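>>> just the structure for this:
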Amino acid sequence: MALPRPPRARVLVVEDTRLVREFLAELLGRSHDVTTAGSGREAIAAADAAGFQVAMVDYSLPDLRGDAVASALKARDAGMALILHTGHAFEARHPARQPFDFYVPKPAALADIERAVELGVALQKRRREDLVQT
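Residues are numbered from 1 along each chain as shown. Okay, here's the model as predicted:
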């Protein structure tokens, strides 16, 4: 008898480079329900329309910086786990990293991307459980 599959997490990928966005959607779509956005405003609209457990956000977007997008997403859902995925080399205490829970620099190994999303799913679940207990 097969074990039941865990529910698929809802992941938002925010990336302005089409090929990278499509690649991440394909990679993460193997085990998660993925929605993509090519701009910050598109990401915020997607979050308003549907809830996500994890968002992977590029820093350099055509309309908004990634940290502004992350802050807007966090304001809509404080439990959402946020991953900064960028080619910018930010020090650990850099203000741009402030709203994010995880940082995955570009380029990244596929396993690192998948691991960051799995950690994000676990973090979001813990946050939800903490809210229920309080």
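>>> where exactly do the helices run in this protein?
Ranges of helices in the chain, per DSSP state H, are 18-29, 40-49, 66-76, 110-133.
>>> who are the packing partners of the lowest-mean-pLDDT helix or strand in the chain?
Within the chain, confidence by mean pLDDT, DSSP states H and E is lowest for helix 110-133 among all helices and strands, at a mean of 90. If contacts are counted by 3 or more C-beta pairs under 8 Å, 6 or more residues apart in numbering; DSSP states H and E, helix 110-133 sits against strand 9-14, helix 18-29, strand 54-57, strand 81-86, strand 102-105. C-betas here are computed from N, CA, C, even on glycine.
>>> make it 6 Å
Identification of packing neighbours for helix 110-133 by 3 or more C-beta pairs under 6 Å, 6 or more residues apart in numbering; DSSP states H and E yields strand 54-57, strand 81-86, strand 102-105.
>>> residue ranges with poor pLDDT in the chain?
1-6, 90-92, 94-96, 132-134 (pLDDT under 70).
>>> follow-up on the earlier one: now the helices of the chain in CSV, with distance to residue 11 and mean neighbour count?
What follows is those, written out as CSV (distance: least, C-beta to C-beta, whole Å; neighbours: other C-beta atoms under 10 Å):
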stretch, distance to residue 11, mean neighbour count
helix 18-29, 5, 15
helix 40-49, 11, 18
helix 66-76, 12, 20
helix 110-133, 6, 15
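>>> out of the ones you listed, which gets nearest to residue 88?
helix 66-76 (8.8 Å; C-beta to C-beta).
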